[in-house]
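Chemist: let me see the structure of the following:
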Amino acid sequence: MSESVLEHRRRRTVTWVVTLATIAMVFDGYDLVVYGTVLPTLLADPAELGRISAEQAGALGSYALVGVLVGALITGSLGDWIGRRKIMLVNLAWFSIGMGATALTTSVTAFGFGRFVTGIGVGALVATVGAMVAEFAPAGKRNKLNAIVYSGVPAGGVLASVLALVLADAVGWRGLFWVGALPIVLVLPLAIVKLPESAKWLQSRGRTERARLVSERTGVPLTGETPAPAEGARVGFPALATRSLAWPTFLLGTMSFAGLLLTYGLNTWLPKIMADNGYGKSYSLGFLLVLNLGAIVGGVAASHYADRMGAKRIVSVTFLLAAAALALLPVSLPLALLLIAVAVAGTGTIGTQMLIYGLVSNYYPTRARAAGVAWCAGFGRLGGIAGPMIGGVLVGAGLGGTTAFYLFAGVALAAAVVTVLVPHAKEDTAGAASEPATAVADPLR
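Modeler: Model prediction:
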């Protein structure tokens, strides 16, 4: 078969994988932000679910993240054993059912449970798409394509913000949650037909003939890919505990913890903090829109440099940008400058998390890639749980946004230091080693 035919098939396959993965992440981001958009309504109107305190609101924002943690850890246990495709299909349906069930709840307890169930599907999807894209993407484009896929998260935030502005009065908060149930009818059928299994994963599991056939059908080469591990070799989470991976795994997880603490803390509380600072509902939701737009534009732009200069270097810089921007938010700035600071904060928080997923996806070998991404997504969600709760405690204590913004800036600064400490990937553990080294930038340079 000619190289031109294989290259055409690969481009088509990568397009479908990236498109479907991005759409899945759009709904992840929608779930993340939609709660923040309806939170003022739920706090103001006890008739909806019952009276909710600021502390309870922070806890409700965290229940979905507990589910994400559970979903990510389950995926890390299963994804390197049963494959990427099965995880994706099952959890597109799971996520949709969870969102629909949440829309039907009538009590705080049921609402929190619905958020938890939905989070399980979200965690599984977040932990899977990075591994899948890393195994389909061409060398030299992995950070960029991962950034495009994970830009679906802030894009979903933009979608939630826009729909909240346009439709909230017409459909209420329940209607906004029903929108999140659409993947089961709009995305799942297409994924069943167009989403292939990873040929590289099949080869890593010793299914050589099936891997060859899938490679020919999808155009994704197997050249240089690590063969099936020897008997007794560690697969999945146990591989992360090996001497070469344990320390970088801890550091990468800490980076994700910080990135998601900032992401969820800001997305949950930015509208409320800005409203308390005198901005009306439209303005406060507008800040949320700018935050996520800044993440999309800045994150994708930064990924371009990550493929050329190394993801580690770029992530440390974007964390520093986040620290500077967050420290400026409490300052009395003209509106135009304030919007710029919010956009830069989006790049340095949500955008940085997009880059972290790309860095992590390319760090691990195929036999541990799903576990590595799942670890960072799961452990990182502990930061995501802490972010809304920290905001809730500070707002409930009457400390307002100034303390929260300065605290978040400190977290970003500490995360930049942690990023610098991550060691270079060894050749036998770098996910990018699946293709000729001359075509691949060191992800941690």
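
Chemist: CA atoms for contacts and neighbours, from now on please.
Modeler: Will do.

Chemist: I'd assumed A409 was in contact with A327.
Modeler: Yes. The pair A327 / A409 is scored as a contact, 5.8 Å apart, by C-alpha atoms under 8 Å.

Chemist: and the two? Which one has more around it.
Modeler: The neighbour comparison of A327 against A409 (other C-alpha atoms under 10 Å) goes to A409, with 25 against 21.

Chemist: mind checking how far the host helix or strand of the more buried one is from the chain centre?
Modeler: Assigned by DSSP states H and E, A409 belongs to helix 400-421. Helix 400-421 sits 19 Å away from the centroid of its parent chain (C-alpha atoms, centre = their mean, to the nearest Å).

Chemist: rounded mean pLDDT for that helix, please.
Modeler: Confidence for helix 400-421, expressed as mean pLDDT, is 88.

Chemist: repeat that for stretch 147-160.
Modeler: Computed over stretch 147-160, the average pLDDT equals 86.

Chemist: show me the contact partners of that stretch.
Modeler: With contact meaning C-alpha atoms under 8 Å, 6 or more residues apart in numbering, stretch 147-160 is reached by 18-19, 21-34, 37, 129, 176, 288-289, 292-293, 295-296, 299-300, 303, 350-351, 354-355, 357-358.

Chemist: quick one: it to chain centroid distance?
Modeler: On C-alpha atoms, centre = their mean, the centre of stretch 147-160 falls 9 Å from the chain's centre.

Chemist: got the residue ranges for the helices in the stretch 301-445 of the chain?
Modeler: 311-328, 335-346, 352-361, 366-396, 400-421 (DSSP state H, counting those that start in this stretch).

Chemist: least confident of those, on average?
Modeler: Among the helices of the stretch 301-445 of the chain, helix 366-396 scores lowest, with a mean of 79.

Chemist: and it, what does it pack against?
Modeler: Counting by 3 or more C-alpha pairs under 8 Å, 6 or more residues apart in numbering; DSSP states H and E, the packing neighbours recorded for helix 366-396 are helix 54-82, helix 108-136, helix 199-204, helix 237-240, helix 243-276, helix 352-361, helix 400-421.

Chemist: could I get those as TSV with distance to G378?
Modeler: Shown next, in TSV, are the helices and strands packed on helix 366-396 (distance: least, C-alpha to C-alpha, whole Å):
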stretch	distance to G378
helix 54-82	4
helix 108-136	7
helix 199-204	21
helix 237-240	12
helix 243-276	8
helix 352-361	12
helix 400-421	17
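
Chemist: closest to A191 out of the ones you listed?
Modeler: Nearest to A191, of all those, is helix 108-136, at 12.7 Å by C-alpha to C-alpha.

Chemist: show me what that closest one packs onto, helices and strands only.
Modeler: Checking 3+ C-alpha pairs under 8 Å, 6+ apart, helix 108-136 ends up next to helix 3-44, helix 54-82, helix 84-103, helix 142-150, helix 352-361, helix 366-396.

Chemist: can you rerun that using 10 Å?
Modeler: Identification of packing neighbours for helix 108-136 by 3 or more C-alpha pairs under 10 Å, 6 or more residues apart in numbering; DSSP states H and E yields helix 3-44, helix 46-49, helix 54-82, helix 84-103, helix 142-150, helix 199-204, helix 352-361, helix 366-396.

Chemist: pull out the buried positions in the third one.
Modeler: What that stands for is helix 54-82. For helix 54-82, a neighbour-count test (16 or more other C-alpha atoms under 10 Å) marks 54-81 as buried.
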